[in-house]
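**Q** no sequence on hand, only this structure:
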């Protein structure tokens, strides 16, 4: 099997290779055919839906040979302060392209920018659209200033459906030379994997890459994901230490807090027919409060989920 990142091997290089997002694909093909691109783009949607990959594909197709020197990618959740925007981004935006007519500047995870940094970024966009195509991405669009969004053509990136996601996983496995007999067996479980990962293809591919190349490896791993379902049940039986343990096991195998929380909700919402319906509403109130801070939480995934369990324990004491 091929060494190196499977996600890198499966990453699209042209518009036709992007999975899902039909509205964006249709419009992007038009930009390419007419050699006319918007001033700014805003891609918003859950992790693993192809926002960053789509931005890079736009850069490749628009810049051609100039991609390596005229495409700039900044992770806004790392460089989130106003100093970075004023001192680094402004200089990049104002400098003439090396080869191309316009640069492409990607501000990935722009919902991580501070409000002051967003205001500064808006001014840079307004003053430099002739020189640059700006692309913003965000998991939570509500965290990005309306003044920025109004300058952009916005696309909502949705989790891919089961069929498209499964086909993408097969293509990736072929590229990295997964043995044919293993791929045949794994393919039976790709739809279930895509569904359990909420359409997050990056998470799906990461899981496949971490598996040993045995025919039953994926079947076994998917069975382990039932721990989040067990955590949902634990929230209704006051087994808070058990709930915490199931959450930690999910993080141990590579699931981030966003995946865990969304999966928790999906499992919980399936339990409304139980006699504990009033209690479920209380759990959902705590869930909603936690989701408002999920992208700004300053510590790791384990700490976030521990705090969630602690909040639930405090809210549900009245039932004990």
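**A** Yep, that arrived. Since the model is a prediction, treat every value here as computed from it, not as a measurement. Numbers count the residues shown, from 1 in each chain.

**Q** got the buried residues for the helix or strand containing residue 72?
**A** Using DSSP states H and E, residue 72 falls within strand 71-75. Of all the residues in strand 71-75, those buried under the rule 16 or more other C-beta atoms under 10 Å are 71, 72, 74. C-beta coordinates here come from the backbone N, C-alpha and C atoms, glycine included.

**Q** output those residues as TSV; include the columns pLDDT and distance to residue 298.
**A** Below are the buried residues of strand 71-75 laid out as TSV (pLDDT from 0 to 100; distance: C-beta to C-beta, whole Å):
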residue	pLDDT	distance to residue 298
71	96	31
72	93	27
74	86	21
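
**Q** quick one on the thing from earlier: show me what the next helix or strand after the strand holding residue 72 is packed up against.
**A** Next helix or strand after strand 71-75 toward the C-terminus (DSSP H and E): helix 82-84. Applying 3 or more C-beta pairs under 8 Å, 6 or more residues apart in numbering; DSSP states H and E, one finds that helix 82-84 contacts helix 115-128.

**Q** what element comes up after the helix it packs on heading to the C-terminus?
**A** strand 132-138.

**Q** on that earlier part again, what lines up beside the strand holding residue 72 in the sheet?
**A** Here strand 71-75 has these sheet partners by DSSP bridges: strand 103-108 (parallel).

**Q** list the contacts of the partner strand.
**A** 51-52, 55-56, 58-59, 62-63, 70-77, 89, 92-93, 97, 113, 121, 131-137 (C-beta atoms under 8 Å, 6 or more residues apart in numbering).

**Q** filter these to the buried ones?
**A** 51-52, 55-56, 58-59, 62-63, 70-72, 74, 76-77, 89, 93, 113, 121, 131-137.

**Q** in the strand or helix carrying residue 311, what counts as buried?
**A** Assigned by DSSP H and E, residue 311 belongs to helix 301-315. By 16+ other C-beta under 10 Å, the buried positions in helix 301-315 come out as 301, 304, 305, 308, 309, 311, 312, 313.
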